[in-house]
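J.: Just the structure for this:
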Amino acid sequence: MANHNKYNRTWLAAIGLGSLFSLTVIWTAFATNEPVLTITPTGTNHYQIVITNGTNTGKYELYHRALLVNPAYPWTLISVGTAGQTNWTVDGGPNGLGFFMVGVGNDWDSDGVPNSQDANPTNASIGALSITIDSPTNGMVIL
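T.: All right, here's what the predicted structure looks like:
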């Protein structure tokens, strides 16, 4: 009887350790390195924004939005950072209100067009933004 309990405990310990290892692997596989921002006022309506867990090769884009729940105020691109840039000083606007977020990468749909020049940064089949001005033509100036 004693040997039977010994093998059961060993078996249960092996299952427990195996489960713990599996959960650790799954957790690591699904863990993301989402940017963590700190925002510090530096003066009248100016803010220092820092990605505290950024990488020296990461490419980040800084966005602003006045209101979170109102679709009339979409996220607006403020700055496309250089590789490794994790610090920005920004103007908070006349009211000094709003929300900031950082997008990771500068070509989300991998079509070779930077997000800032892409007609739709989440759809590779659309490509670069192109604007054609039909009028005024031939150097005309409209006042």
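
J.: only C-alpha atoms for contact and neighbour calcs from this point on.
T.: OK.

J.: what's the domain layout of the chain?
T.: 1-31, 37-104 (automatic domain parsing).

J.: which one of these has the lowest average pLDDT?
T.: Ranked by mean pLDDT, the domains of the chain bottom out at domain 1-31, with a mean of 50.

J.: quick one, what contacts P35?
T.: By CA atoms under 8 Å, 6 or more residues apart in numbering, the contact set of P35 is I51, T52, N53, G54, V102, V104.

J.: A helix includes it, no?
T.: No - remark: P35 does not belong to a helix; assigned using DSSP: H, G, I helix; E, B strand; the rest coil, it is coil.

J.: export the contacts of P35 to TSV and tack on secondary structure?
T.: Shown next, in TSV, are these (three-state DSSP):
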residue	secondary structure
I51	strand
T52	coil
N53	coil
G54	coil
V102	strand
V104	strand
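
J.: Please indicate which of those has the highest neighbour count?
T.: V102 (24 neighbours; other CA atoms under 10 Å).

J.: Mind listing the residues bridging to that one?
T.: Beta-bridge partners of V102, counted by DSSP bridges, are L62.

J.: Assess the claim that it and L62 are in contact.
T.: Yes - between V102 and L62 there is a contact under CA atoms under 8 Å: 4.7 Å.

J.: Please tell me how far P121 sits from A72.
T.: 20 Å (CA to CA, to the nearest Å).

J.: Over to T57?
T.: 34 Å.

J.: can you check S79 too?
T.: Going from S79 to A72 by CA to CA gives 21 Å.

J.: Would you state the helices of this structure in chain order?
T.: For the chain, applying DSSP state H gives helices covering 2-30.

J.: Neighbour count: P121 and A72, which is higher?
T.: The neighbour comparison of P121 against A72 (other CA under 10 Å) goes to P121, with 22 against 10.

J.: The residue nearest to F100 when sequence neighbours are not counted: how many residues sit nearby?
T.: Counting by CA to CA, 6 or more residues apart in numbering, the nearest residue to F100 once its immediate chain neighbours are dropped is H64, at 4.6 Å. For H64, the number of neighbouring residues by other CA under 10 Å comes to 21.
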